[in-house]
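> Have a look at this fold, sequence not included:
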């Protein structure tokens, strides 16, 4: 009896041992939910490290011509070579700029020397803008300059507003005054002497009491720095002037640099009236100091700078043609000279053709150990024999 009891107890103990082992194995083979989260995370659950890398891309607008001066518009990316500071660069972005939006700025010299040609400039400019500007894509503004600079029409796609601004163009009328001051400097109480239709608000009522002076450099500087700098895409300024500056605060170098920093091409139309100089039309260009000729600065909406006009002593014996040529060449544009053989409307047709047949080349500078800041010289050439490429000569790095 005792043996049976002991045998039965042994069997019970053995059975309990086996059950405990089985349960322990089952518990060890089924990980908990928390363990699964900690040890078996899926890639989608893992944290992602984000790195922000700024890549500097330099964009260059280029125009190609054959040996006869005809536009070449069928080149490919591989048919261009580009160097920066003499170092070859890989062209990574390439496009033909036939359909990309364009921002245009028209800068018209309304000084005394231009008064006899303003009518031609006005009508030709109106035709150019009406043909060139696509109201659904492009924008333009109009500035005129003489003893100071005025924004007649801010950026707009409206043909009507631009035409109204051009219609308001007129040369200043010089009035001799005594007592060391000019009515143009302080304003007038004459209610009829205020700004005409389409004028900006900054010039004041002394507009028609002005006189000599041409702030060409200030006009280029302000148009580039205050307007073009904020725009994207293709940008071009068209300057109609004889190129002689007699009153800008900014220098020629500063004007060119501002256009280069704004990635803006400048086309210059030399419109010179030699007879105007022989009949008093050049008054203010000979270095004579005229009391009260300091202008109130840039007028009109969107222009943040003031105090320009009559600040820097006029340059003597300046070749206006060379000035305009330098501005255009260094920004990637061209100089045109109005003549009987090449009237202003024909020149505008050439500019229009050029703007519609540009190439856009983009590259990320490979400078080696060279510094990123400062001025960098660019050279763009075509591999095809006899093809000449017109592009800006350089840019300023940040």
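Received it, and whenever you're ready, just let me know what you need. What you see is a predicted model; the values in this text were computed from it and never measured.

> Show me the chain divided up by domain.
Structural domains assigned to the chain are 58-97+359-397, 102-175+196-355, following automatic domain parsing.

> Name the spans of the chain whose pLDDT lies under the cut-off.
1-55, 98, 171-212, 274-317, 369-371 (pLDDT under 70).

> Go again with 50.
3, 19, 21-42, 51-53, 175-211, 279-297, 301-302, 304-311, 313-315 (pLDDT under 50).

> quick one, strands of it?
58-65, 80-84, 87-89, 93-96, 102-109, 139-145, 149-156, 234-241, 265-270, 335-337, 359-363, 374-382, 388-391, 394-397 (DSSP state E).

> With respect to residue 321, which of those lies nearest?
Taking C-beta to C-beta, strand 265-270 is the member of those nearest to residue 321, at 5.6 Å. Any C-beta I mention is one placed from the backbone N, CA and C, and that applies to glycine too.

> Name the residues that touch that closest one?
The contact list for strand 265-270 (C-beta atoms under 8 Å, 6 or more residues apart in numbering) reads 61, 220, 235-243, 259, 320-321, 324-325, 327-328, 331-338, 344, 347, 351, 392.

> and that strand, which strands flank it?
strand 234-241 (parallel), strand 335-337 (parallel) (DSSP bridges).

> Single out the most deeply packed of these.
Of all these, strand 234-241 has the most neighbours on average by mean count of other C-beta atoms under 10 Å, namely a mean of 26.

> Let me know the angle separating that strand from strand 139-145.
30 degrees (axes from the mean of the first three to the mean of the last three C-alpha atoms, to 10 degrees).

> Next, the angle strand 102-109 makes with strand 234-241.
Using the same axes, to 10 degrees, strand 234-241 lies at 10 degrees relative to strand 102-109.

> Strand 234-241 versus strand 359-363: what angle between them?
Using the same axes, to 10 degrees: strand 234-241 against strand 359-363 is 120 degrees.

> Strand 234-241 to strand 58-65, inter-axis angle?
Going by the same axes, to 10 degrees, strand 234-241 makes 60 degrees with strand 58-65.

> Next up, the contacts around the nearest residue to residue 129 once chain neighbours are set aside.
Closest residue to residue 129 in three dimensions, ignoring its sequence neighbours and counting by C-beta to C-beta, 6 or more residues apart in numbering: residue 162, at 5.3 Å. Residues counted as contacts of residue 162 (C-beta under 8 Å, 6+ apart) are 129, 133, 140, 142, 153, 156.

> do the same with residue 240
Here residue 240 is in contact with 106-109, 114, 121, 125, 269, 271, 344 (C-beta under 8 Å, 6+ apart).

> For the residue lying closest to residue 319 once chain neighbours are set aside, grab phi and psi.
What sits nearest to residue 319 in space, not counting adjacent residues and going by C-beta to C-beta, 6+ apart, is residue 243, at 7.6 Å. For residue 243, the backbone dihedrals (degrees, to the nearest 10) come out as phi 80, psi 0.

> okay but residue 243 is in contact with residue 323, surely?
Yes - between residue 243 and residue 323 a contact is recorded at 4.3 Å, counting by C-beta atoms under 8 Å.

> Of the domains of the chain, flag the one that's most buried.
Of these, domain 102-175+196-355 is the most buried (mean count of other C-beta under 10 Å), at a mean of 20.

> what's the first-to-last distance across that domain?
9 Å (C-alpha to C-alpha, to the nearest Å).

> what do you get for stretch 142-149?
End-to-end distance of stretch 142-149 (C-alpha to C-alpha): 11 Å.

> just the contacts of residue 240 now: which is nearest residue 374?
residue 107 (27.9 Å).

> does the closest one really touch residue 239, like I thought?
Yes - at 4.6 Å, residue 107 counts as touching residue 239 under the criterion of C-beta under 8 Å.
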